[in-house]
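Engineer: okay, structure incoming, though there's no sequence with it:
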């Protein structure tokens, strides 16, 4: 075997071009002239790609079989490749995540369920390293009422909750925020004020208005509930509700919890047997 150096040249048996006999242009082959392959790198690549196209099924099957029989070798090869090509690996991962969002989400949920302690430890370390970013993200989640934030208020994993039940909780939070923003007094506060002031007329007015409210609405399912809450939210934002009618949200809570929304639907929507409390404090 002759040693390869910059003065030697080789003619590629594929493209017939003369090139320097170096590793820059040819792959290593101990049995070949100058210890290099007879075909240049571009020709070798083209030949491999052509062979793969013609024998894809056979090659993939052989590859799958070998990986199944040699799991440790596969891991070692992957670790070595990642160590030597960290940027390529990160770029590939980013591209794959971008093209497969649903698969990523499903994979993440499955991992969290199967490895709760590892996930908690990962979150603790991540928060410690990125405290400011986490606080900013948390602030955005609270402001935008994301699904993850809403589900955390109900102390139920987001993947266990039907989107309708999350929307119900979101609407109730929005209504309460609007009421606070517009400085509405609660029914209990108004009653306390009337008692402290010994204003019997005010107390009578409260009772009279309470009796006039239409409490006979019927919520047959979660869609009906969300439509009703959406309408009430719009009324609050338009400012077309009084102090009295604003407190209807509390009466709605009682009606739903006691009468209208069937407990079976609670179980179906929540993905379990526990009862969902929509109206606990935010």
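Structural biologist: Sure thing, it's come through. All of these numbers come straight from a predicted model, not from anything done at the bench. Numbering: from 1, shown residues only.

Engineer: can you get me a residue count around residue 150?
Structural biologist: By other CB atoms under 10 Å, the residues close to residue 150 number 23. The C-beta positions use only the backbone N, C-alpha and C, and glycine is treated the same way.

Engineer: was I right about residue 233 contacting residue 170?
Structural biologist: No. The pair residue 233 / residue 170 is not scored as a contact, 10.1 Å apart, by CB atoms under 8 Å.

Engineer: quick check, residue 10 in a strand?
Structural biologist: Yes. Assigned with DSSP: H, G, I helix; E, B strand; the rest coil, residue 10 falls within a strand.

Engineer: who does the longest strand seen in the chain touch, helix- and strand-wise?
Structural biologist: Ranked by residue count under DSSP state E, the longest strand found in the chain is strand 36-40. Using 3 or more CB pairs under 8 Å, 6 or more residues apart in numbering; DSSP states H and E, the elements in contact with strand 36-40 are strand 26-28.

Engineer: can you tell me the strand partners of the strand it packs on and which way each runs?
Structural biologist: Using DSSP bridges, the strands paired with strand 26-28 in its sheet are strand 36-40 (antiparallel).

Engineer: what average pLDDT does the strand it pairs with get?
Structural biologist: What strand 36-40 shows for mean pLDDT is 92.

Engineer: just checking, next helix/strand downstream of that strand?
Structural biologist: Using DSSP states H and E, the helix or strand that follows strand 36-40 in sequence is helix 41-54.

Engineer: buried ones in that next one, by neighbour count?
Structural biologist: Neighbour-count burial for helix 41-54 flags 43-44 (criterion: 16 or more other CB atoms under 10 Å).

Engineer: just checking, what packs against that helix?
Structural biologist: Helix 41-54 packs on strand 26-28, going by 3+ CB pairs under 8 Å, 6+ apart.

Engineer: buried residues in the strand it packs on, which are they?
Structural biologist: residue 26.

Engineer: before we move on, what about stretch 149-163?
Structural biologist: Buried-residue list, stretch 149-163, by 16+ other CB under 10 Å: 149-151, 153-154, 156, 158, 161.

Engineer: let me know the angle separating the longest strand of the chain from helix 41-54.
Structural biologist: With axes from the mean of the first three to the mean of the last three CA atoms, to 10 degrees defining the directions, strand 36-40 sits at 80 degrees from helix 41-54.

Engineer: pull the residues that contact strand 36-40.
Structural biologist: 4, 10, 12-15, 17, 19, 21-23, 25-29, 32, 44, 47 (CB atoms under 8 Å, 6 or more residues apart in numbering).

Engineer: before we move on, back to that, among the buried residues of stretch 149-163, which are located in helices?
Structural biologist: 149-151, 153 (DSSP state H).

Engineer: using JSON lines, lay out the residues you listed together with pLDDT.
Structural biologist: Output for those, formatted as JSON lines (pLDDT from 0 to 100):
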{"residue": "149", "pLDDT": "90"}
{"residue": "150", "pLDDT": "88"}
{"residue": "151", "pLDDT": "84"}
{"residue": "153", "pLDDT": "83"}
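
Engineer: let me see the domain layout of this structure.
Structural biologist: What automatic domain parsing lists as the domains of the chain is 9-53, 55-99, 149-270.

Engineer: which of the ones you listed has the lowest mean pLDDT?
Structural biologist: What stands lowest among the domains of the chain, in mean pLDDT terms, is domain 149-270, with a mean of 64.

Engineer: do I have it right that residue 17 meets residue 25?
Structural biologist: No. Residue 17 lies out of contact with residue 25 (CB under 8 Å); the separation is 9.2 Å.

Engineer: now which of the contacts of strand 36-40 would you call buried?
Structural biologist: By 16+ other CB under 10 Å, the contacts of strand 36-40 give 4, 10, 12, 19, 21, 25-26, 32, 44 as buried.

Engineer: reduced to three states, what does the residue lying closest to residue 43 once chain neighbours are set aside come out as?
Structural biologist: Distances taken as CB to CB, 6 or more residues apart in numbering place residue 14 nearest to residue 43, at 3.2 Å, with adjacent residues excluded. At residue 14 the chain is in coil, as set by three-state DSSP.

Engineer: list the contacts for residue 14?
Structural biologist: Here residue 14 is in contact with 39-40, 43-44, 46-47 (CB under 8 Å, 6+ apart).

Engineer: many thanks, have a good one.
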